[in-house]
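A.B. asks: dropping a prediction and its sequence here:
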Amino acid sequence: MGTKDIIDTLAGIEPGSALDAIRGRRVQARENAQTSYLSLFEPIDASDFSLVERAAVAFFVIGLHRELTVAAFYRAKLAAAADGARLVEAVEVEIARGETSGPYGAFPAGPLSVENKAGLIYRVSAERGPDLGARLVAAFEHAHLLVFRPRDAASSDMKALLAAGWSNTGIVTFSQLVAFLSFQVRVVSGLRTLAAANA
Amino acid sequence: MSPASTVNPPVVFTQDELGWVSWIDPLPEAELTERHFAGLVDRARAKSEYFRLLVRDPEVLEARTKTDKDIFYNIADGLPRAERELAAAATSRYNGCIYCASVHARFASTYSKRRDDVQRLLDEGVGADLGERWNAVVKASVALAATPVAFGPDNVDELRRAGLDDAEIVDVINGASFFNWANRLMLSLGEPSK
């Protein structure tokens, strides 16, 4: 392939390189990882999850992963989004407050309970709440759960999002966005590590 | 919402077939349009509650499904299917997705014919000793599942010592990374049921 997609750009993969050729053996996966990205960040319908909300959640999620190149990309996306620049500082503060290591959380009560691991139950700070608004406060708190302790998820988390004004469809797209980014950042990190091992 | 009384959640990892019940409303089958069927990719998926939920965003579901299929089913070259499924099962075991682990442990067993070893991964967890090659795949998958990502040059060395070339290592990276996508949807939008 002659052109770089978003994963190439973030992982530093150049056309004609060995990793470019390896990615070229999975053309459908490569093209659809790109289509996933575009469907999430340039959707045909953003009425259930606005573009600025998508950019804010993305910067928060990637910031929590501490992948600096990828985080800088999504920070810039938020800063460039309509009504996004005013949120950048608040999101940065919340990233710093939310940083921890995962996965942790509880298994269903039973033999697996011995593997339960306690950790941070993140809540947006009271000071940043008014800047972010009720929808993003609920989204950040659930995104933190999805990033670090997805096995803690419960039906009550869906009720919290619905109560904060998220629709069923908005919840699906929001969950896809966080889950997709969890994939994208790992592919980028993994390919970078492999490229460095060959350097 | 489905009535809670019909849900019988498993409390251990298993290779048995499980159901999955959504916590929010999937689209009713009768409301699916051609746009939704395009998102489902396989029309038969209209019978699945999980896919009728995700099809609320058809474009994202379609791209996700096609990414998934190429990472796991394109076996013209690269890592054998059994080991791609092992990466998916190990990731799911580590993140705690009992449903995803059940599906991909079954696939790993089918393609490897090493059902007992797969069961030990489920029973003992990601520290189970499964031999050099499988241990390297499991360890790499676990390192990729950590947040922040912990996959490093040691994982690459270990995979190479176990006989994987770079294209096969990319299949491990893709397969394990993809399950960090799948696990988060399955764990957070509903629950498994026996």
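C.D. replies: Cool, the structure landed.
A.B. asks: where is the longest helix in the chain?
C.D. replies: Let's take chain A. Counting residues, the longest helix found in chain A (DSSP state H) is helix A:168-198.
A.B. asks: other chain: chain B
C.D. replies: helix B:166-188.
A.B. asks: just the C-alphas of it, formatted as CSV.
C.D. replies: Coordinates of each C-alpha in helix B:166-188 appear next as CSV, following Å, rounded to 0.1, in the frame of the first residue of the first chain:
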residue,chain,number,x,y,z
ASP,B,166,7.7,-11.2,12.6
ALA,B,167,4.6,-11.8,10.5
GLU,B,168,3.4,-14.4,13.2
ILE,B,169,4.3,-11.9,16.0
VAL,B,170,2.1,-9.3,14.2
ASP,B,171,-0.7,-11.9,14.2
VAL,B,172,-0.3,-12.3,18.0
ILE,B,173,-0.3,-8.5,18.4
ASN,B,174,-3.5,-8.2,16.2
GLY,B,175,-5.3,-11.1,17.9
ALA,B,176,-4.6,-10.1,21.4
SER,B,177,-5.3,-6.4,20.7
PHE,B,178,-8.6,-7.2,19.1
PHE,B,179,-9.7,-9.0,22.2
ASN,B,180,-9.2,-5.9,24.2
TRP,B,181,-11.9,-4.5,22.0
ALA,B,182,-14.2,-7.5,22.1
ASN,B,183,-13.8,-8.1,25.9
ARG,B,184,-14.9,-4.6,26.8
LEU,B,185,-18.1,-4.8,24.8
MET,B,186,-19.1,-8.2,26.0
LEU,B,187,-18.3,-7.4,29.6
SER,B,188,-20.0,-4.0,29.8
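A.B. asks: contacts only, for residue 10.
C.D. replies: As the question left the chain open, I've gone with chain A. A:69, A:70, A:73, A:184, A:188 (Cβ atoms under 8 Å, 6 or more residues apart in numbering or on different chains). In this view, the C-beta of every residue, glycine as well, is placed from N, C-alpha and C.
A.B. asks: right idea, wrong chain: chain B
C.D. replies: With Cβ under 8 Å, 6+ apart, residue B:10 has these contacts: A:108, B:16, B:18, B:98, B:102, B:192, B:193, B:194.
A.B. asks: what strand or helix carries it?
C.D. replies: Under DSSP states H and E, no helix or strand contains residue B:10.
A.B. asks: burial measure for residue 123, as a count.
C.D. replies: Assuming you mean chain A. 13 (other Cβ atoms under 10 Å in any protein chain shown).
A.B. asks: can you look at chain B instead?
C.D. replies: 13.
A.B. asks: check which helix or strand it maps to.
C.D. replies: Counting by DSSP H and E, residue B:123 is part of helix B:115-124.
A.B. asks: name the helices or strands packed onto that helix?
C.D. replies: helix B:81-95, helix B:98-112 (3 or more Cβ pairs under 8 Å, 6 or more residues apart in numbering or on different chains; DSSP states H and E).
A.B. asks: what's in contact with that helix?
C.D. replies: B:12-15, B:86, B:89-90, B:93, B:101, B:105, B:108-109, B:112, B:128, B:130-131, B:134, B:138.
A.B. asks: change it to 6 Å
C.D. replies: Applying Cβ atoms under 6 Å, 6 or more residues apart in numbering or on different chains, the contact partners of helix B:115-124 are B:13, B:105, B:108, B:109, B:128, B:130.
A.B. asks: check stretch A:91-98 too.
C.D. replies: Residues contacting stretch A:91-98 (Cβ under 6 Å, 6+ apart): A:56, A:59, A:60, A:63, A:64, A:122, A:128, A:144.
A.B. asks: any chance of those residues in CSV, plus neighbour count, secondary structure and distance to chain B?
C.D. replies: Formatted as CSV, those follow (neighbours: other Cβ atoms under 10 Å in any protein chain shown; DSSP: H, G, I helix; E, B strand; the rest coil; distance: Cβ to the nearest Cβ, whole Å):
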residue, neighbour count, secondary structure, distance to chain B
A:56, 29, helix, 18
A:59, 29, helix, 16
A:60, 29, helix, 13
A:63, 23, helix, 11
A:64, 26, helix, 7
A:122, 21, coil, 13
A:128, 18, coil, 22
A:144, 26, helix, 10
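A.B. asks: what about residue 169, how many neighbours?
C.D. replies: I'll assume chain A. 19.
A.B. asks: should've been chain B
C.D. replies: By other Cβ under 10 Å, neighbour count at residue B:169 equals 25.
A.B. asks: pLDDT at residue A:1, what is it?
C.D. replies: Confidence at residue A:1, expressed as pLDDT, is 46.
A.B. asks: again, but for residue A:45
C.D. replies: 96.
A.B. asks: number of nearby residues for it?
C.D. replies: Quick note: residue A:45 (other Cβ under 10 Å) scores 10 neighbours.
A.B. asks: and residue 128, what does it touch?
C.D. replies: Since no chain was named, I'll use chain A. Contacts of residue A:128 (Cβ under 6 Å, 6+ apart): A:90, A:94.
A.B. asks: actually, chain B is the one I wanted.
C.D. replies: B:120, B:121.
A.B. asks: report the separation between it and chain A.
C.D. replies: 13 Å (Cβ to the nearest Cβ, to the nearest Å).
A.B. asks: give me the element that residue is part of.
C.D. replies: Here residue B:128 is assigned to no helix or strand, by DSSP H and E.
A.B. asks: so who does residue A:28 touch?
C.D. replies: Counting by Cβ under 6 Å, 6+ apart, residue A:28 has contacts B:66, B:70.
A.B. asks: ok so it is a strand residue?
C.D. replies: No - counting by DSSP: H, G, I helix; E, B strand; the rest coil, residue A:28 falls outside a strand, being helix.
A.B. asks: ok so, going back, for the next helix-or-strand element following the helix holding residue B:123, packing partners?
C.D. replies: Using DSSP H and E, the helix or strand that follows helix B:115-124 towards the C-terminus is helix B:132-145. Applying 3 or more Cβ pairs under 6 Å, 6 or more residues apart in numbering or on different chains; DSSP states H and E, one finds that helix B:132-145 contacts helix B:81-95, helix B:153-161, helix B:166-188.
A.B. asks: adding distance to chain A and mean pLDDT, write these out as a markdown table.
C.D. replies: Converted to a markdown table, the helices and strands packed on helix B:132-145 look like this (distance: least, Cβ to the nearest Cβ, whole Å; pLDDT from 0 to 100):
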| stretch | distance to chain A | mean pLDDT |
| --- | --- | --- |
| helix B:81-95 | 5 | 98 |
| helix B:153-161 | 4 | 98 |
| helix B:166-188 | 4 | 98 |
